[in-house]
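> the following comprises the amino acid sequence and a computationally predicted model.
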Amino acid sequence: MTIIVRTIKDPEIRRSELIDAAQELFIAFGYNKTMIIDIVRKAGVAKGTFYYYFPSKEAILEAIVARYTTKLVGEIKKLGPSVTALDKLRLMIGYLFRFDQTDIVFYLLWEEQEFSLLFKTWRQSDMILNPVLTELILQGTEEGTMHVQSIEQTICFFWSTLSCLWESQYNKEPLNLFTSKSKIAEAILERILGISEGSLALKILL
């Protein structure tokens, strides 16, 4: 008599494996060409297991973005109060423009002209980061390096400014044009955050 032993994995491990599989497939074949059946085959699970964790392919895309953004939140929080608000801001913006695997997924959505889905995931990422950005602005206010009257409105313009640079990056604009836009974005961010002119000194790579 053959006894089949089923391996029961921790739910978070299984969920992470599905996210990893989806991200790899999105990068290799694009979001539109990747089907749920492809994800479950790569992860080595039944289709029902996928739907236990995610109601749709869009939901697992959102999970990829959430994991990426949550990791950034952890890295910023780990810095603690000994790191200045300006340094934290530079690190956060630099991280957001670092072209890692999740950024490739964003880029592919742009290539596939899935603009509504891309902007939805951007918005999701913004919402996760907003509490950290609020803390950062409050720290900068205490340190005297930032002067903000309305945090909520400032954060709104903060993301709008960065989105212009992301669009430039995804459109593969010439380096000189992207550099010029980066300088303008830097000036805008200094203005809305009440930072002394020339103090932000961002290093954003195309």
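Yep, it's here.

> report the helix or strand with the lowest average pLDDT across the protein.
Ranked by mean pLDDT, DSSP states H and E, the weakest helix or strand in the chain is helix 101-111, scoring a mean of 87.

> what helices and strands are in contact with the next helix or strand after it?
Counting by DSSP states H and E, the next helix or strand C-terminal to helix 101-111 is helix 115-143. If contacts are counted by 3 or more Cβ pairs under 8 Å, 6 or more residues apart in numbering; DSSP states H and E, helix 115-143 sits against helix 57-79, helix 85-96, helix 101-111, helix 151-170. Using the backbone N, CA and C atoms, a C-beta is placed for each residue, glycine as well.

> where among the ones you listed is the average confidence lowest?
Lowest mean pLDDT within these: helix 101-111, at a mean of 87.

> tell me the domain boundaries of this structure?
With domains defined by automatic domain parsing, the chain comprises 7-55, 61-193.

> redo the ones you listed as TSV? Include distance to residue 204 and mean neighbour count.
Converted to TSV, the domains of the chain look like this (distance: least, Cβ to Cβ, whole Å; neighbours: other Cβ atoms under 10 Å):
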stretch	distance to residue 204	mean neighbour count
domain 7-55	23	15
domain 61-193	5	16
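
> got the ones you listed as JSON lines, with distance to residue 199 columns?
Converted to JSON lines, the domains of the chain look like this (distance: least, Cβ to Cβ, whole Å):
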{"stretch": "domain 7-55", "distance to residue 199": "37"}
{"stretch": "domain 61-193", "distance to residue 199": "7"}
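
> which other helices and strands contact the helix or strand where residue 187 lies?
Applying DSSP H and E as the criterion places residue 187 in helix 175-193. In terms of contacts (3+ Cβ pairs under 8 Å, 6+ apart), helix 175-193 is packed against helix 151-170.

> mind listing what the nearest residue to residue 79 once chain neighbours are set aside touches?
Distance criterion Cβ to Cβ, 6 or more residues apart in numbering; nearest residue to residue 79, sequence neighbours excluded, is residue 88 at 5.9 Å. Residues near residue 88 by Cβ atoms under 8 Å, 6 or more residues apart in numbering: 76, 79, 136, 139.

> make it 7 Å
76, 79, 136 (Cβ atoms under 7 Å, 6 or more residues apart in numbering).

> re earlier: so which of the helices and strands packed on helix 115-143 is nearest residue 10?
Proximity of the helices and strands packed on helix 115-143 to residue 10 was assessed by Cβ to Cβ; the nearest stretch is helix 57-79, lying at 16.1 Å.

> and that closest one with helix 85-96, angle?
Angle between the axes of helix 57-79 and helix 85-96 is 150 degrees (criterion: axes from the mean of the first three to the mean of the last three Cα atoms, to 10 degrees).

> and the contacts of helix 57-79?
18-19, 22-23, 31, 36, 54, 88, 91-92, 95, 102, 105, 117, 121, 124-125, 128-129, 132.

> that one vs helix 101-111, what angle?
Going by the same axes, to 10 degrees, helix 57-79 makes 140 degrees with helix 101-111.

> ok, the residue most central in space within the chain to residue 75 distance?
With the centre of the chain defined as its mean C-alpha position, the nearest residue by Cα atoms, centre = their mean is residue 69, 4.7 Å away. Going from residue 69 to residue 75 by Cβ to Cβ, to the nearest Å gives 11 Å.
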